[in-house]
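Asker: The following block contains a protein sequence and its predicted model.
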Amino acid sequence: MRTALGKGLDALISEETAAVTEIPLDRIKPNPKQPRHVIADGALQELSESIAQRGVLQPILVAPLSDGTYEIIVGERRWRAAKRAGLTSIPAVIKSAPEQERFQMAMIENIQREDLSPLEQARGYARLVTEFLMTQEAIAVVMGKDRAVIANTLRLLSLPAEMQSALSEGKISASHGRSLAALDDLAAQRALFRRILDENLSVRALEQAVRDHKQVAVRGHTRGAAHPVKSPEVKSLEDDLQRALSRKVELQRTSPDGKKGWIRLEYYSLEDLDHLVSRLRRVSQPS
């Protein structure tokens, strides 16, 4: 089964006799776990008008339910468009399949048609992991993709809500999101996210900034290993500065009474340094 799934939905359906049956629309139910959450109304209206003129050219795929109705595996958009066009029935191929296989087929169809957004893909893969206990390697085989693609897509779900919203709204690209998700430092992540929005930072420049940050973090970790444990007051001040400056801040006392010390602000590229200096200059200017 995995081999057929990896080859795509058409290969899977062609394994069996794909008899087409006309099924009343009111006996068909959408899949409540459909991986695609949003169906654009404009595209749905366009498809509805096409169906009204030419009919449904490609049958949908459904699974029989115990109550005599059918659940959509593939083709919810065609089903909705047919209802909007005033049809009473739709051509369908009936296939008995367990829930995991039905979900996999829906995922494959949407990905092949590029109907899923990056976050919808990530949520779909996450469901295969959590609900069906599939490994990333198994998902890669089923979807016909490299395991690294699955892993990088899943990382999008680790982004803060504001970054996920920006990705959904098209303010940042999936490549931007994957690069940001590679950062464990939330302050650095937010600083670079802000630069994407404010400065239209390219994916290539972002990737370089992420690499630079990781190199600095490794050196800082090694250098800071000998530092004494910081007091809660110092750590709290560091956190406040990180939130205010949207970057990694390190504060270290060097005198026993705590009156002397040093502060380190990270920057992730020359452009980011200019951005930081400009912010500090604005703060220092008298109002």
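Answerer: Happy to help now that I have it. Numbers count the residues shown, from 1 in each chain.
Asker: and the one helix or strand L154 maps to, which residues are buried?
Answerer: Following DSSP states H and E, one finds L154 within helix 147-154. Using 16 or more other CB atoms under 10 Å as the test for burial, helix 147-154 gives V149, I150, N152, T153, L154. In this view, the C-beta of every residue, glycine as well, is placed from N, C-alpha and C.
Asker: Report the distance from that helix to the chain centre.
Answerer: Remark: helix 147-154 is offset 10 Å from the chain centroid, using CA atoms, centre = their mean, to the nearest Å.
Asker: got the buried residues for the following helix or strand past that helix?
Answerer: Next helix or strand after helix 147-154 toward the C-terminus (DSSP H and E): helix 161-168. Going by neighbour count (16+ other CB under 10 Å), the buried part of helix 161-168 is M163, Q164, A166, L167, S168.
Asker: Out of those residues, which two are the most distant from each other?
Answerer: M163 and S168 (9.8 Å; CB to CB).
Asker: Between the buried residues of helix 147-154, which sits nearest L270?
Answerer: N152 (27.3 Å).
Asker: which residue packs closest to that closest one, ignoring adjacent ones?
Answerer: R178 (4.9 Å; CB to CB, 6 or more residues apart in numbering).
Asker: Run through the protein and note the low-pLDDT ranges.
Answerer: 1-18, 35-38, 111-115, 217-230, 246, 268-269, 272, 284-287 (pLDDT under 70).
Asker: redo that, cut-off 50
Answerer: 1-9, 11, 15-17, 224-227 (pLDDT under 50).
Asker: residue boundaries of the strands in it?
Answerer: 20-24, 28-29, 60-64, 70-74, 89-94, 249-253, 261-265 (DSSP state E).
Asker: closest one to V203 among those?
Answerer: Going by CB to CB, the one of the strands of the chain nearest V203 is strand 261-265, 25.1 Å.
Asker: Restricting to C-alpha, output the closest one in CSV.
Answerer: Output of strand 261-265 as CSV, limited to C-alpha atoms (Å, rounded to 0.1, in the frame of the first residue of the first chain):
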residue,chain,number,x,y,z
GLY,A,261,30.0,44.7,34.8
TRP,A,262,29.5,44.3,31.1
ILE,A,263,26.6,43.9,28.8
ARG,A,264,26.7,42.1,25.4
LEU,A,265,24.2,42.6,22.6
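Asker: name the helices or strands packed onto that strand?
Answerer: strand 249-253 (3 or more CB pairs under 8 Å, 6 or more residues apart in numbering; DSSP states H and E).
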